[in-house]
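**Q** Here's a sequence, model it:
(one chain, ligands or ions: 1)
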Amino acid sequence: MIKESVFKSFDSPASLESTLADKIANQLQHAIDSRGKASLVVSGGSTPLKLFQLLSQKTLEWSEVYITLADERWVEADEKDSNERLVREHLLQNRAANAKFRGLKNMFASPEAGAAMAGESLANFPRPFDVVVLGMGTDGHTCSWFPCSKELDHALTTQDMCAAVNPTTAPHARITLSKDAILNSRQIYLHLVGEAKLTVYHHALENDDVTKMPIRAVLAQRKTPVDVFYSA
Ligand SMILES: O=C(O)C(O)[C@@H](O)[C@H](O)[C@H](O)COP(=O)(O)O
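**A** Numbers count the residues shown, from 1 in each chain. Alright, predicted model coming up:
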């Protein structure tokens with residue numbers, strides 16, 4: 001059994017999003033007050049859209065906030081499935097329009113070819129990352145650490161910032177921050193909405209086999225604090 005992380009359950013996605021947006025904004029501003037700048041890593045997918053919108057309205061020194069993605073699909077930044085597009089349309093708006101954003105997709109033809117440059121492009125980000133917001137798929141993946149992919153072990157063991165992944169159960173070649181990069185953070189939030197995700201989360205706590213459920217790489221470690229924010 002994995003020892004459970006801090007688990008916060010909310011009555012509705014809206015109350016979760018409101019609380020989480022407040023917490024993230026406070027932590028980013030605290031980082032700026034303490035160290036002059038702050039870093040935020042966000043995930044794509046459908047779960048964080050409202051959170052992005054709420055965050056974008058927060059009053060803080062967004063010009064000192066460096067934002068990047070936990071993972072990206074290897075598609076152009078204006079395509080439907082691009083996480084960069086999602087972040088530009090929902091987070092880098094309103095007050096957050098002044099934030100410094102770096103996506104992970106670059107001009108290379110594949111994530112394998114582009115991974116080193118994607119990592120280098122984050123060189124001026126404050127590390128450890130101040131706040132990382134992760135999602136989770138119902139197969140137990142987080143970031144683009146897919147249980148089906150032959151690159152999983154590399155993504156979970158490399159010291160490089162970024163790794164290429166070719167999932168067989170999800171569309172698009174991907175680039176993902178490595179486990180090493182994700183865990184070099186001051187705070188990780190796991191944002192879960194829906195009872196199906198709660199079932200998967202409880203299943204993930206049953207043992208520490210990361211090859212079956214890579215989310216365990218986050219849940220089974222004690223180096224970096226992980227708070228789970230859940231609403232049905
Ligand atoms: O780009 C992505 O797809 C991700 O970053 C991924 O790890 C996501 O967080 C989960 O798949 C959950 O996705 P949903 O929020 O859509 O359920």
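**Q** who's in contact with stretch 163-175?
**A** With contacts defined as Cβ atoms under 8 Å, 6 or more residues apart in numbering, stretch 163-175 is touched by 71-75, 81, 104-105, 110-112, 114-115, 118, 137, 139, 141, 144-146, 148-152, 154-155, 162, 176-178. Just so you know, the C-beta spots here come from the backbone N, C-alpha and C atoms, and that holds for glycine as well.
**Q** Kindly report the residues of the chain close to the ligand.
**A** 43-47, 70-71, 83, 135-137, 141-143 (Cβ under 6 Å from any ligand atom).
**Q** List buried residues within the residues you listed.
**A** Applying 16 or more other Cβ atoms under 10 Å to the residues of the chain next to the ligand, the neighbour count classes 43, 44, 47, 70, 71, 83, 135, 136, 137, 141, 142, 143 as buried.
**Q** Quick check: the last one touching residue 44?
**A** No. The pair formed by residue 143 and residue 44 falls short of the contact definition of Cβ atoms under 8 Å, at 9.8 Å.
**Q** For PyMOL, what selects the buried ones among the contacts of stretch 163-175?
**A** To isolate the buried members of those in PyMOL, using 16+ other Cβ under 10 Å:
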select buried, resi 71+72+73+74+75+104+105+111+112+114+115+118+137+139+141+144+145+146+149+151+152+155+162+176+177+178
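**Q** Identify those among the contacts of stretch 163-175 that sit within strands.
**A** Residues of the contacts of stretch 163-175 located in strands (DSSP state E): 71, 72, 73, 162, 176, 177.
**Q** Including pLDDT, could these go into CSV?
**A** Below are these laid out as CSV (pLDDT from 0 to 100):
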residue, pLDDT
71, 98
72, 98
73, 98
162, 98
176, 98
177, 98
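**Q** All the strands of this structure, in order from the start?
**A** Under DSSP E, the chain gives strands at 6-10, 38-42, 65-69, 71-73, 100-101, 131-134, 162-165, 174-177, 188-193, 226-231.
**Q** hang on, the earlier thing: could I get the residues of the chain next to the ligand as CSV with distance to residue 227?
**A** Formatted as CSV, those follow (distance: Cβ to Cβ, whole Å):
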residue, distance to residue 227
43, 15
44, 20
45, 18
46, 21
47, 15
70, 16
71, 20
83, 22
135, 14
136, 14
137, 19
141, 20
142, 14
143, 17
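**Q** In helices, which of these fall?
**A** Residues of the residues of the chain next to the ligand located in helices (DSSP state H): residue 83.
**Q** can you list the residues that contact the lengthiest helix in the chain?
**A** Ranked by residue count under DSSP H, the longest helix found in the chain is helix 13-35. By Cβ under 8 Å, 6+ apart, the residues outside helix 13-35 that reach it are 8, 10, 37-40, 50-51, 54-55, 58-61, 64-65, 126, 130-131, 133, 186-187, 189, 191, 193, 229-231.
**Q** Can you list the buried residues in that helix?
**A** For helix 13-35, by 16+ other Cβ under 10 Å, it's 13, 16-17, 20-21, 23-25, 27-29, 31-32.
**Q** Please apply the same query to stretch 91-108.
**A** So for stretch 91-108, counting by 16+ other Cβ under 10 Å, buried means 91, 92, 96, 99, 100, 101, 103, 104, 105, 106.
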